[in-house]
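**Q** Below: sequence and its predicted model.
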Amino acid sequence: MSSAFLAQSLLDWYDRHARQLPWRVSPENRKLGEVADPYRIWLSEVMLQQTTVAAVKDYFEKFIQVWPTVDDLAAAAEEDVMKAWAGLGYYSRARNLKKCADIVARDHDGHFPDNEEALLKLPGVGPYTAAAIATIAFDRHAAVVDGNVERVLSRLKLIETPLPEAKPAIKAAMSDLTPEQRPGDFAQAVMDLGATICTPKRPACALCPWMESCEGRHSGLAETLPRKAPKKQKPTRYGAAFVAVDNDTGAVLLRRRPPKGLLGGMTEVPGTEWAETFDPSHALDHAPFPANWRKRTGEVKHTFTHFHLKLSIYRSDLTATLIPDQADAWWSPPDVVEDEALPTVMRKALAAALD
């Protein structure tokens, strides 16, 4: 079947079954003349990188409530943005989010560029995000390829080359299928198809508008696609975290991580380096200051993109005024800790120490 026929059949399906998402203009509202907000599309796409829709919704709603426009976000303090982002992971996205908002507000009069070339010049905007903004917000013809699109098109076109080598072929197929009319809706339709029908396991082929044209289904290989190269085994790093609690107020000693690197600019409890060679039995040799550090039972486990982490947790209850000053550190009262810019791994460490 022709690309035009496939595109129209999917758009007809999308008009009936589009997911209701807080950053999306529904097909019904588009017919009434409502247009997508580039700021909302950009914000959602940055949040959705390496993260699920379910995880993003609440964060998106919070950001929009506090900073309803890109100018509002540009005017915000970076520390407040990092606090609002805490728990969503991949924290370089939050730093680039603020940098991008600053540039759009300052250099583009608060308006996002409407084409991929200009969008790619913004901090944190890569090829996928640029294509998504250009297509969904401005109806530019662009091939938008995320994980859902990779799965749908590798099955539709029976692309058996493993990822990531298959990416150019998948992008070319998406470009060929994307219509000149309603390209943004088409991109979202393919994403929705992958999220709700063409799922990784047990795809609901009988409900798919592309069932008859799907080469993967006809070959019996659909559920095995897309093929992926074997993953490298992640190494495990070790470290220790030291949670100091003030006897009088219950405040916890926190500090800020360096602005660059893993979890850059985020808040943490004092701790050691994280390394494969770190010896947990010598953790107290690396305590931030002398105190009655008591090791908590068990350890905190957390997985990052490139490694697993195991943290030994130590706690000391002491008088805050008696310890030496700590560089770039402060005492956070119990009713404030929850709102600090703590990444998930640090929230785990605090929970293990304070439980």
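**A** Ah, there it is.

**Q** ok, which stretches of the protein are strands?
**A** For the chain, the strands defined by DSSP state E occupy 236-246, 252-256, 267-268, 294-303, 308-318, 329-332.

**Q** wait, which of those strands is closest to Leu6?
**A** Between Leu6 and those, the tightest spacing by C-beta to C-beta is seen for strand 294-303, at 38.5 Å. Heads up, the C-betas are built off the backbone N, CA and C, glycines and all.

**Q** contacts for the closest one?
**A** Contacts with strand 294-303, where a contact means C-beta atoms under 8 Å, 6 or more residues apart in numbering, come from 234, 241, 283, 308-316, 344-345, 348-349, 352-353.

**Q** what about the spatially closest residue to Gly271 that is not a sequence neighbour, distance to Lys310?
**A** The shortest distance from Gly271 to any non-neighbouring residue, by C-beta to C-beta, 6 or more residues apart in numbering, is to Ala241 (4.2 Å). Ala241 sits 11 Å away from Lys310, taking C-beta to C-beta, to the nearest Å as the criterion.

**Q** neighbour count winner among those two?
**A** The residue with more neighbours, out of Ala241 and Lys310, is Ala241; 25 against 16, by other C-beta atoms under 10 Å.

**Q** contacting residues around the more buried one?
**A** With C-beta under 8 Å, 6+ apart, Ala241 has these contacts: 268-272, 300, 311-314, 346, 349, 353.

**Q** how about a cut-off of 7 Å?
**A** Residues in contact with Ala241 (C-beta atoms under 7 Å, 6 or more residues apart in numbering) are 269, 271, 311, 313, 349.

**Q** Throw those residues into JSON lines and include distance to Val56, pLDDT and neighbour count, thanks.
**A** Compiled in JSON lines, those are given as follows (distance: C-beta to C-beta, whole Å; pLDDT from 0 to 100; neighbours: other C-beta atoms under 10 Å):
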{"residue": "Val269", "distance to Val56": "27", "pLDDT": "96", "neighbour count": "24"}
{"residue": "Gly271", "distance to Val56": "29", "pLDDT": "96", "neighbour count": "24"}
{"residue": "Leu311", "distance to Val56": "27", "pLDDT": "97", "neighbour count": "26"}
{"residue": "Ile313", "distance to Val56": "29", "pLDDT": "97", "neighbour count": "27"}
{"residue": "Ala349", "distance to Val56": "24", "pLDDT": "96", "neighbour count": "28"}
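
**Q** from those, which single one is nearest Leu73?
**A** Nearest to Leu73 among the contacts of Ala241 is Val269, at 28.5 Å by C-beta to C-beta.

**Q** That closest one contacts Leu254, correct?
**A** Yes - if you go by C-beta atoms under 7 Å, Val269 and Leu254 touch, sitting 6.2 Å apart.

**Q** Make CSV out of the strands of the chain and add distance to Leu221.
**A** CSV is the format used below for the strands of the chain (distance: least, C-beta to C-beta, whole Å):
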stretch, distance to Leu221
strand 236-246, 35
strand 252-256, 50
strand 267-268, 46
strand 294-303, 31
strand 308-318, 33
strand 329-332, 54
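
**Q** out of those, nearest to Pro27?
**A** Closest approach to Pro27 among the strands of the chain is made by strand 294-303 (38.2 Å; C-beta to C-beta).

**Q** That closest one relative to strand 236-246, how many degrees between them?
**A** 130 degrees (axes from the mean of the first three to the mean of the last three C-alpha atoms, to 10 degrees).

**Q** Please export the C-alpha coordinates of strand 294-303 as PDB.
**A** Below are the C-alpha coordinates for strand 294-303, written out as PDB (Å, rounded to 0.1, in the frame of the first residue of the first chain):
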ATOM      1  CA  ARG A 294      27.000   4.400  63.000                       C
ATOM      2  CA  LYS A 295      26.600   2.100  60.100                       C
ATOM      3  CA  ARG A 296      23.000   1.400  59.100                       C
ATOM      4  CA  THR A 297      21.800  -2.100  58.200                       C
ATOM      5  CA  GLY A 298      21.900  -2.900  54.500                       C
ATOM      6  CA  GLU A 299      22.900  -0.700  51.700                       C
ATOM      7  CA  VAL A 300      21.400   1.600  49.100                       C
ATOM      8  CA  LYS A 301      21.300   0.300  45.600                       C
ATOM      9  CA  HIS A 302      20.700   2.600  42.600                       C
ATOM     10  CA  THR A 303      21.300   2.200  38.800                       C
END
